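In: With the input below, show me the fold.
(chains A, B, C and D)
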2 protein chains.
Amino acid sequence: MLDSHDRKILALLQGDSSLSVAEISDRVGLSSTPCWRRIRKLEEEGYVKKRVALLDEAKLNVGVSVFMAIRTNQHTREWARSFVRAVEEIPEIVDVFRLAGDVDYMLRAVVPDIATYDAIYQKLIERVDIYDVSSMFAMETIRSSTELPLDYA
Amino acid sequence: MLDSHDRKILALLQGDSSLSVAEISDRVGLSSTPCWRRIRKLEEEGYVKKRVALLDEAKLNVGVSVFMAIRTNQHTREWARSFVRAVEEIPEIVDVFRLAGDVDYMLRAVVPDIATYDAIYQKLIERVDIYDVSSMFAMETIRSSTELPLDYA
DNA sequence: CTTGAAAATGCTTAGGC
DNA sequence: GCCTAAGCATTTTCAAG
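Out: Below is the predicted model:
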């Protein structure tokens, strides 16, 4: 599927998508046309989902991350649907994973402070019936990376 | 600090950083020169940390997310330092938060499968002394967003 | 802030190895 | 598959209102 040139291009782009084609082609060891063609192909085929700007959480006053470990006692399609709808209506909730095991869902919300977190929490439990929520407050973001390891591709 | 034009620019850029200045200025309701100036200022002042390409986890064979809730019994600066060093050496670990409360650290790793997760786990506990790890496997990524709410800025 | 335009950079296509 | 080179579009800067 992907050769080492493609992987190197992806590694560069997921670190800094503002690099010009010329810079990328230099570092990859290709000239710009084939490099540009590869980039376009990687985007067309969906290896690159999108290009985004990552903003500073602290500067935008959402420097506090809160994890919410959620358990339900209603294991139905209907409940799952309403849960997804509820979290989608709350933009502070940035991550939502459905888990196997004891905890059913793991969420992460970004908020200015604990008081705002409580408002988010209230908003959520008002919109969907939740059996148990365990909240964990992040004191420090040691790493929050969008860069994937490419060794398995 | 930021007015509504700035917030709108940030909202657009964190959704799609490949938008041209012309497109952004259209949607924001400014002409291109002042819009371009604002974008540059937002980058200089650090509201925009970086521009990156988001890659497809499934296509790159790291479609499985695993949360690791970690507890330590060595609450020393020395241990914290070695822990940070250890997780930084493992590229599969994409998120690391230090928490308040029962769980000391919450990590997320992206891997191809459970066998690879075990290798990551072994690698971690070999590099740093960990009192307890509780692993939670994600069955589904319902939401994984880099877009922050801008209402508190 | 706006418009308009020039200069520089970088993207995209064309043609050939 | 690759390259060089030309043509095109965009970004970036500048001047004037």
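
In: quick one, what contacts the most centrally placed residue in chain A?
Out: The residue lying closest to the centre of chain A (C-alpha atoms, centre = their mean) is A:D95, at 6.1 Å. Residues counted as contacts of A:D95 (C-beta atoms under 8 Å, 6 or more residues apart in numbering or on different chains) are A:M106, A:L107, A:R108, B:R143, B:S144, B:S145. The way it works is simple: take the backbone N, C-alpha and C, and place the C-beta from them, glycine included.

In: Separate out the buried members of those residues.
Out: Taking 16 or more other C-beta atoms under 10 Å in any protein chain shown as the criterion, what is buried in the contacts of A:D95 is A:M106, A:L107, A:R108, B:S144.

In: what are the pairing partners of the host helix or strand of A:M139, and which direction each?
Out: Per DSSP states H and E, A:M139 falls inside strand A:132-144. Applying DSSP bridges, strand A:132-144 is found paired with strand A:64-71 (antiparallel), strand B:93-99 (antiparallel).

In: Dump these to JSON lines, plus mean pLDDT and distance to A:M139.
Out: Converted to JSON lines, the strands paired with strand A:132-144 look like this (pLDDT from 0 to 100; distance: least, C-beta to C-beta, whole Å):
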{"stretch": "strand A:64-71", "mean pLDDT": "98", "distance to A:M139": "9"}
{"stretch": "strand B:93-99", "mean pLDDT": "98", "distance to A:M139": "5"}
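
In: and chain A, which of its residues are near DNA strand C?
Out: Residues of chain A lying close to DNA strand C by C-beta under 7 Å from any atom of the strand are A:S20, A:V21, A:A22, A:S32, A:T33, A:W36, A:R37, A:R40.

In: Could you rank the residues you listed by neighbour count and give me the top one?
Out: Counting neighbours by other C-beta atoms under 10 Å in any protein chain shown, the top entry in these is A:V21, with 18 neighbours.

In: secondary structure class for A:E57?
Out: Three-state assignment for A:E57 (DSSP: H, G, I helix; E, B strand; the rest coil): coil.

In: Close to DNA strand D: what parts of chain A are there?
Out: Contacts of chain A with DNA strand D, taken as C-beta under 7 Å from any atom of the strand, map to A:H5, A:L30, A:S31, A:S32, A:T33, A:P34, A:C35, A:R37, A:R38.

In: Please convert those residues to TSV, extending it with secondary structure, pLDDT and distance to chain B.
Out: Converted to TSV, these look like this (DSSP: H, G, I helix; E, B strand; the rest coil; pLDDT from 0 to 100; distance: C-beta to the nearest C-beta, whole Å):
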residue	secondary structure	pLDDT	distance to chain B
A:H5	helix	97	15
A:L30	coil	95	18
A:S31	coil	93	21
A:S32	helix	96	18
A:T33	helix	96	20
A:P34	helix	97	19
A:C35	helix	97	14
A:R37	helix	97	16
A:R38	helix	97	13
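
In: how deep is the nearest residue to A:Y105 once chain neighbours are set aside tucked in, by neighbour count?
Out: Among residues not flanking A:Y105 along the chain, A:I70 sits closest, at 4.2 Å (C-beta to C-beta, 6 or more residues apart in numbering or on different chains). By other C-beta under 10 Å, 24 other residues sit near A:I70.

In: In the record's domain split, what are the boundaries for chain A?
Out: Domain ranges of chain A: A:4-44, A:64-137, per automatic domain parsing.

In: Now do the shortest one: distance from first to last residue.
Out: Counting by C-alpha to C-alpha, to the nearest Å, the length from the leading to the trailing residue of domain A:4-44 is 19 Å.

In: Identify the residues contacting the nearest residue in space to A:D132 that is not next to it in sequence.
Out: Nearest residue to A:D132, sequence neighbours excluded (C-beta to C-beta, 6+ apart): A:R71, at 4.2 Å. Shown in contact with A:R71 (C-beta under 8 Å, 6+ apart): A:D102, A:V103, A:D104, A:I130, A:Y131, A:D132, A:V133.

In: ok so, going back, looking at the strands paired with strand A:132-144, spot the one closest to A:L54.
Out: In terms of C-beta to C-beta, the element of those nearest to A:L54 is strand B:93-99, at 13.4 Å.

In: Tell me the spacing between A:I93 and B:T72.
Out: From A:I93 over to B:T72 the distance is 28 Å, taken as C-beta to C-beta, to the nearest Å.
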